[in-house]
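> Only the shape, not the letters, is given here:
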């Protein structure tokens, strides 16, 4: 199958299994948060995983490259973005392992059925109405701000989608940590692991990675943080290892 790129698109090398991904030249592109989430998450052999708000499809594709799960699904509400993600799946010949579904996170449990996945991942919009101006470009605004779904929507649907004991992995912003934990526990998703991400060793964290278990007992492990840069423009060895360089 020949996958044609549109004039406004480009191909990026994922440095994994020879995989590539289609992205808009001037659109919202995946960032380090998606790569870190795919490394923090785990999908065991035979497990099924779904990524809520998958965008370019980066997380299901990276998870398939790293783990031996049975199947990976990406859910995306924007028609054009979902179509682009599906072409990336076809480009990498992953149609039997990765599916892209067009749909609304708020309707995820109705689309897929309750308790239908072992793993749920999400890199949701970080900002709510209290956090600055929305991007005037709608696709970017949807990716960054809670335009079409809220943190509560993501937690609720993740809990419904997971089998008992299933795992939810999310990357978000530390300034919303209280909201995150409140939303997770509201829907019986018990936080079990947390890892902060710092741009430099002496700078405050700008990302947080969280694993929660549906119906888990109350106990959380705060893991050693990730430091992204050793010096300006130079990644730490841990980041090089995560990217597979």
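Happy to help now that I have it. This one's a predicted model, so the numbers in the text were calculated from it and none came from an experiment.
> could you check the distance from residue 151 over to residue 81?
Distance of residue 151 to residue 81, given as C-beta to C-beta, to the nearest Å: 21 Å. Where C-beta positions appear, they are placed from N, C-alpha and C, glycine not excepted.
> ok, longest helix in the chain?
Selection of the longest helix in the chain by residue count, based on DSSP state H, yields helix 79-91.
> What's the first helix or strand after that one?
Sequence-wise, the next helix or strand downstream of helix 79-91 (DSSP states H and E) is strand 98-102.
> Parallel or antiparallel, list what pairs with that following strand.
Applying DSSP bridges, strand 98-102 is found paired with strand 71-76 (parallel).
> Quick one: distance of the strand it pairs with to the chain centre.
A distance of 11 Å separates the centroid of the chain from that of strand 71-76, by C-alpha atoms, centre = their mean, to the nearest Å.
> Stretch 167-185 now?
Put simply, stretch 167-185 sits 13 Å off its chain's centre (C-alpha atoms, centre = their mean).
> Show me what it is in contact with.
Identification of contacts with stretch 167-185 by C-beta atoms under 8 Å, 6 or more residues apart in numbering yields 33-34, 36-37, 40-42, 118-124, 126, 151-152, 154-155, 158-159, 162, 189-191, 196, 204-214.
> Mind listing what's buried along it?
167-174, 176-177, 179-181, 183-184 (16 or more other C-beta atoms under 10 Å).
> how much space between residue 179 and residue 186?
Between residue 179 and residue 186 the computed distance is 10 Å (C-beta to C-beta).
> And for residue 24?
Using C-beta to C-beta, residue 24 is found at 35 Å from residue 186.
> and these two? which has more neighbours close in?
Neighbour comparison, residue 24 and residue 186: the larger count goes to residue 24, with 17 against 12 (by other C-beta atoms under 10 Å).
> okay, and the helix or strand of this protein with the least pLDDT?
The least trusted helix or strand in the chain, going by mean pLDDT, DSSP states H and E, turns out to be helix 138-144, with a mean of 47.
> For the longest helix of the chain, which outside residues touch it?
Under C-beta under 8 Å, 6+ apart, the answer for helix 79-91 is 1, 3, 9, 20-24, 54-57, 60-61, 74, 76, 95, 98-102, 139.
> tell me which residues in that helix are buried?
Counting neighbours by 16+ other C-beta under 10 Å, one finds that the buried residues in helix 79-91 are 81-82, 84-91.
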